[in-house]
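# Fold the stuff below for me.
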Amino acid sequence: MKIENLTKAQVEMLDFMWNELGAYEEMNDWLDTLDPADRRQAESLQELILLEAAETLVEQSKYREANKIINKFRS
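Residues are numbered from 1 along each chain as shown. As a prediction, this is how the structure comes out:
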């Protein structure tokens with residue numbers, strides 16, 4: 001997975017999230033320590049990762065008809 005056009009701070013936050021946090025509970029505990037702006041940033045990055053993962057799965061999928069329908073919602 002490759003995500004482009006991130007700021008240095010976003011890359012550092014993602015690196016921390018990826019390398020230092022394991023379980024869902026650890027992520028939630030960490031989010032609770034952040035100020036509101038950083039928390040929004042972290043949550044946005046989480047959503048970005050999930051969307052990128054979903055897109056990758058769809059692209060790799062053998063279900064062409066389903067992909068056509070999903071692609072209509074991407075644009």
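# rest of the way, CA atoms for contacts and neighbours
Noted.
# ok, residues contacting stretch 30-37?
39, 42 (Cα atoms under 8 Å, 6 or more residues apart in numbering).
# What residues sit buried inside that stretch?
Residues of stretch 30-37 classed as buried by neighbour count (16 or more other Cα atoms under 10 Å): L31.
# Between the two ends of that stretch, how far is it?
Across its full length, stretch 30-37 reaches 14 Å end to end, with Cα to Cα, to the nearest Å as the criterion.
# Spatially central residue in the protein, please.
Central residue of the chain (Cα atoms, centre = their mean): I49, 1.7 Å from the mean position.
# separation between it and L34?
In terms of Cα to Cα, I49 sits 19 Å off from L34.
# go on, Q10?
Distance, Q10 to L34, using Cα to Cα: 14 Å.
# pLDDT of the longest helix along the chain, averaged?
In the chain, taking DSSP state H as the definition, the longest helix is helix 36-60. Mean pLDDT, helix 36-60: 87.
# and K8, how many neighbours?
9 (other Cα atoms under 10 Å).
# With A42 instead?
When neighbours are counted by other Cα under 10 Å, A42 registers 20.
# Tell me which residues touch it, please.
13-14, 31.
# And it, how far from M1?
In terms of Cα to Cα, A42 sits 18 Å off from M1.
# which SSE is the residue with the largest distance to the centre of the chain in?
Within the chain, the residue lying farthest from the chain centre (Cα atoms, centre = their mean) is E65, at 25.4 Å. Assigned by DSSP states H and E, E65 belongs to helix 64-74.
# what angle separates that helix from helix 36-60?
With axes from the mean of the first three to the mean of the last three Cα atoms, to 10 degrees defining the directions, helix 64-74 sits at 150 degrees from helix 36-60.
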